[in-house]
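1. based on what follows, work out the 3D shape:
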Amino acid sequence: MGSWVEGMIIATHEETLRRLVLHDERCIQSTLGIHLNNEAAGLDPKTQALVRLGGLVAMGAAPGSYHWAAEAALDAGATPEDVVGTLIAVAPISGLARVISAIPEVAVSLDYDLDVAFEGLNGDSRG
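-> Numbers count the residues shown, from 1 in each chain. As a prediction, this is how the structure comes out:
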């Protein structure tokens, strides 16, 4: 288990990796020196979170990053339509494949179970 020493997290490499993947803001700030709540951008929190989601998709980020960014956007007041709109808006820039790869994690954040949705389609005789 890690401990705090002079503003730094002292942790095992396993704990540090886990915290980074989970986007633990304190760990990211102390380990990497990155402030995720960058008020200097001049954007309101909702817009900033949606821009981050679009940037992550454009970069082809790790799946957990999409979930984190979508959750942050929702927590900042974005609607599910705002989140999906962001994916649609970034598609011409990032490419459809990157948007599609982000959808499963974003769907989890929106409480939409894609597996159940696909099962419903497979049982639809209208095909």
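
2. flag the shaky bits of this protein, pLDDT-wise.
-> Confidence mapping of the chain against pLDDT under 70 gives the ranges 1-11, 20-23, 27-28, 32-41, 123-127.

3. how does it look with 50?
-> In the predicted model, the chain carries pLDDT under 50 at residues 1, 5, 127.

4. give me the number of residues near L121?
-> 9 (other CB atoms under 10 Å). For the C-beta atoms, the positions are set from N, CA and C on the backbone; glycine is no exception.

5. can you check L56 too?
-> Neighbour count for L56, taken as other CB under 10 Å: 21.

6. hang on, isn't it packed against P63?
-> No: between L56 and P63 there is no contact under CB atoms under 8 Å: 10.0 Å.

7. overlap in contacts of those two?
-> Common neighbours of L56 and P63, using CB atoms under 8 Å, 6 or more residues apart in numbering, are A102.

8. where do the helices of this structure begin and end?
-> 13-21, 25-32, 45-59, 63-75, 80-94, 96-109, 114-122 (DSSP state H).

9. what's near enough to touch A49?
-> Neighbouring residues of A49 by CB under 8 Å, 6+ apart: 69, 72-73, 75-76, 78.

10. buried ones among the residues you listed?
-> 69, 72-73, 78 (16 or more other CB atoms under 10 Å).

11. let me have those in CSV, adding distance to V108 as columns.
-> As requested, those are exported to CSV (distance: CB to CB, whole Å):
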residue, distance to V108
A69, 12
A72, 14
A73, 14
A78, 16
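
12. which of the residues you listed lies closest to G95?
-> A69 (17.8 Å; CB to CB).

13. isn't the closest one up against A58?
-> No: look at A69 against A58 with CB under 8 Å: they stay out of range, at 11.7 Å.

14. about what we covered before: with distance to E105 added, can I get the contacts of A49 in CSV?
-> Formatted as CSV, those follow (distance: CB to CB, whole Å):
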residue, distance to E105
A69, 9
A72, 13
A73, 13
D75, 16
A76, 18
A78, 16
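
15. from A107, how far out is D115?
-> As judged by CB to CB, to the nearest Å, D115 and A107 stand 10 Å apart.

16. same check on V57?
-> Between V57 and A107 the computed distance is 14 Å (CB to CB).
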